[in-house]
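K.L.:
sequence and predicted structure are below.
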Amino acid sequence: MNRESPVAVFDSGVGGLSVFREIVRLLPGEDVLYFADTTHCPYGSRSLEEIQRLSSGIAEFLIEQGAKILVVACNTASAAALQYLRGRFDLSIVGMEPAVKPAAERTKSGVIGVLATSATFQGELFSSLLDRYAQGVKVIPQICPGLVEQVEGGNLVGAETESMLRQYLDPLLAQGADQLVLGCTHYPFLIPTIQRIVGDGVQIIDPSPAVARRTKQVLEERGLLNPRREGGRYTFYTTGDGDIFDGMLKRLASVEGPVKKPCWERGRLEI
Ligand code: DGL
C-alpha cells in the first residue's frame, strides 16, 4: 500500500454514504472504495458474532483491492467488530461510536437521546461510552426498527417514515432530551424530517464530519495522505442489486461511479 492507494469505506448498505460524502468533501484527491453489504442489511438485528464474520470478509476483500485504510462507516459493525478487525488486520481502521461525549458536553437539560440499532447498544462500546462520558447525564437509548429499511428503500420522507420517527422520538422529547445523537449512519439522511419533528430546541448530532476528520488525521500521521488535491475516483461494491444501489448513490451522495458485484462473481465472500 502507498499514498496513492484507495481509502476503503464500508457499511451494511447505503448508510455509510453519509460518511463517504464527508470524506470526499474533505479529501477530494483520494480514491475511495465503498462497499455496501446490501444483501445482509440490516446488520442491527444480527448477532455480534455474525456481524464480525460479515465485517471480516468485507475487510479482507477491500484489503485485496489495495485499501490503505479501512473506515467502518457503520456504528453497528463498529460496536460488534472493531476490536476484532483491529486484531486480525494489519492496516489502520477508523470506526464509529455514538457521539455521547459531545452531547454530554452540550446538554442543558441533562437528557440525551441516542438513536441506534439494538446491536450497537448491546456491544461493550456503548456501556463504556456511558461510563466515560455520561456521568450525571441521563442517556436514553432508542432502537428504531424499520428505519434502516426505509432509508434503503429511498423513503426519506413520507407518512410512513414520519410516523415511525414520531414513535421513536416522542418518548425522548417527553423526557426532556435536548440532544439527539444519530448513532446509525443511515439516519443523517432523515435529518430534515427529524428536525421538523423535534423542533429547534433539540440539537441533532451527526458524527460523520468528525469521522472524516479522523480519517484525514490518521492518513497524515501514517504518511498516507494522497498528495493529489482533486480528482479522486470512486468505485462502489454491493452484494445486492447494482442498479438500485446506483440510483441511491446519485440521490444520497450526488456521485456516480462504477457499481460492481465482485463478491458473487468471484465467489470469495461466503456471505
Ligand atoms: N448503518 C448502520 C449503522 O450505522 C447499520 C444499520 C443496520 O444495518 O442495521 O449502525
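P.N.:
Arrived safely.

K.L.:
which strand residues bridge residue 34?
P.N.:
residue 9, residue 236 (DSSP bridges).

K.L.:
isn't it up against residue 9?
P.N.:
Yes: using CB atoms under 8 Å, residue 34 is in contact with residue 9, at 5.0 Å. Yep, even glycine has a C-beta here, placed from its N, CA and C like the rest.

K.L.:
any common contacting residues for those two?
P.N.:
16, 20 (CB atoms under 8 Å, 6 or more residues apart in numbering).

K.L.:
packing partners of the helix or strand residue 172 falls within?
P.N.:
Per DSSP states H and E: residue 172 is located in helix 159-174. Other helices and strands packing on helix 159-174, by 3 or more CB pairs under 8 Å, 6 or more residues apart in numbering; DSSP states H and E, are strand 111-116, strand 138-143, helix 147-152, helix 191-198.

K.L.:
how about CSV for those, with distance to the ligand and mean pLDDT added?
P.N.:
Output for those, formatted as CSV (distance: least, CB to the nearest ligand atom, whole Å; pLDDT from 0 to 100):
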stretch, distance to the ligand, mean pLDDT
strand 111-116, 6, 98
strand 138-143, 10, 98
helix 147-152, 5, 97
helix 191-198, 15, 97
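
K.L.:
can I get these in JSON lines including mean neighbour count?
P.N.:
Output for the helices and strands packed on helix 159-174, formatted as JSON lines (neighbours: other CB atoms under 10 Å):
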{"stretch": "strand 111-116", "mean neighbour count": "26"}
{"stretch": "strand 138-143", "mean neighbour count": "17"}
{"stretch": "helix 147-152", "mean neighbour count": "22"}
{"stretch": "helix 191-198", "mean neighbour count": "15"}
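
K.L.:
tell me the mean pLDDT for stretch 202-218?
P.N.:
Averaged across stretch 202-218, pLDDT comes to 98.

K.L.:
next, the buried residues of it.
P.N.:
Residues of stretch 202-218 classed as buried under the neighbour-count rule (16 or more other CB atoms under 10 Å) are 202, 203, 204, 205, 206, 207, 208, 211, 212, 215, 216, 218.

K.L.:
check stretch 155-163 too.
P.N.:
Neighbour-count burial for stretch 155-163, with 16+ other CB under 10 Å as criterion, is recorded at 155, 161, 162.

K.L.:
what's near enough to touch the last one?
P.N.:
Taking CB under 8 Å, 6+ apart, we find residue 162 in contact with 193, 197.

K.L.:
please report how far it lies from residue 260.
P.N.:
35 Å (CB to CB, to the nearest Å).

K.L.:
export the helices and strands packed on helix 159-174 as CSV, with columns for distance to residue 225.
P.N.:
Formatted as CSV, the helices and strands packed on helix 159-174 follow (distance: least, CB to CB, whole Å):
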stretch, distance to residue 225
strand 111-116, 31
strand 138-143, 36
helix 147-152, 31
helix 191-198, 29
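
K.L.:
ranges for the helices of the stretch 1-150 of the chain?
P.N.:
Assigned by DSSP state H, counting those that start in this stretch, the stretch 1-150 of the chain shows helices spanning 17-26, 48-64, 75-88, 100-106, 118-122, 124-133, 147-152.

K.L.:
now for the third one, which elements pack on it?
P.N.:
Packed against helix 75-88 by the contact rule (3+ CB pairs under 8 Å, 6+ apart) you find helix 48-64, strand 69-72, strand 92-94, helix 118-122, helix 124-133.

K.L.:
and residue 181, what does it touch?
P.N.:
Contacts of residue 181 by CB under 8 Å, 6+ apart are 98, 99, 100, 103, 112, 113, 114, 115, 116, 205, 207.

K.L.:
give me the number of residues near the residue lying closest to residue 11 once chain neighbours are set aside?
P.N.:
Once flanking residues are discounted, residue 11 sits nearest to residue 74: 4.3 Å by CB to CB, 6 or more residues apart in numbering. Look at residue 74: counted by other CB atoms under 10 Å, it has 35 neighbours.

K.L.:
where in this protein is pLDDT low?
P.N.:
Applying pLDDT under 70 to the chain flags the ranges 261-271.
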